[in-house]
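Visitor: here's my sequence, what's the structure:
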Amino acid sequence: GAHCPTGWTLHENSCYIYISDSYNWHDAQANCAMWEAGRLVEIHSAAENVFVTNMARANSADAVWIGLNDIAQEGKWVWDSSQQPAQFTNWGHGQPDNHNFQHEPEDCAVIWHLSAERKWNDGNCDSVKTPSICETE
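Guide: Down below sits the predicted model:
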């Protein structure tokens, strides 16, 4: 719609809000659901990726969770709300690699190193704690 709840920002046909608290992916998704029936942001175009990363940068975030994951099936990255495969992605070089130095699986997508670029990485859904951006219609 054309109107967003107080504190949310309109872009195209969705409303977005930055959450400064650091959560793991599951808690970030649950937190979004409590806000105006929201969800972790689901990015469907380069323009939306720029908008989302600009919002994160404006809040000095180094990373934010997005709603993309391959929890159900390794290597099949889907948006959480629809379970539909991502059409647009912006993975960093060599990502997703399902690997970190702790040898934990990485099944949730995070936009990483926001100060330098707008690329996505896969992170561990439980141990990594970052801010997030929620989206609602």
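
Visitor: make it CA atoms for all contacts and neighbour counts henceforth
Guide: Fine.

Visitor: quick one, strands of this protein?
Guide: 9-11, 14-23, 39-40, 64-69, 78-79, 108-111, 120-123, 130-136 (DSSP state E).

Visitor: top helix in the chain by residue count?
Guide: Secondary structure assigned by DSSP state H gives helix 46-58 as the longest helix of the chain.

Visitor: on that earlier part again, could you dump the strands of the chain to JSON lines with distance to His3?
Guide: Shown next, in JSON lines, are these (distance: least, C-alpha to C-alpha, whole Å):
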{"stretch": "strand 9-11", "distance to His3": "7"}
{"stretch": "strand 14-23", "distance to His3": "8"}
{"stretch": "strand 39-40", "distance to His3": "17"}
{"stretch": "strand 64-69", "distance to His3": "23"}
{"stretch": "strand 78-79", "distance to His3": "24"}
{"stretch": "strand 108-111", "distance to His3": "27"}
{"stretch": "strand 120-123", "distance to His3": "29"}
{"stretch": "strand 130-136", "distance to His3": "11"}
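
Visitor: tabulate those strands (a markdown table), appending mean neighbour count.
Guide: A markdown table is the format used below for those (neighbours: other C-alpha atoms under 10 Å):
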| stretch | mean neighbour count |
| --- | --- |
| strand 9-11 | 16 |
| strand 14-23 | 19 |
| strand 39-40 | 26 |
| strand 64-69 | 28 |
| strand 78-79 | 21 |
| strand 108-111 | 26 |
| strand 120-123 | 25 |
| strand 130-136 | 25 |
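
Visitor: turn those into TSV, including mean pLDDT and distance to Asn98.
Guide: TSV is the format used below for the strands of the chain (pLDDT from 0 to 100; distance: least, C-alpha to C-alpha, whole Å):
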stretch	mean pLDDT	distance to Asn98
strand 9-11	97	31
strand 14-23	98	20
strand 39-40	98	20
strand 64-69	98	11
strand 78-79	98	15
strand 108-111	96	9
strand 120-123	94	7
strand 130-136	98	18
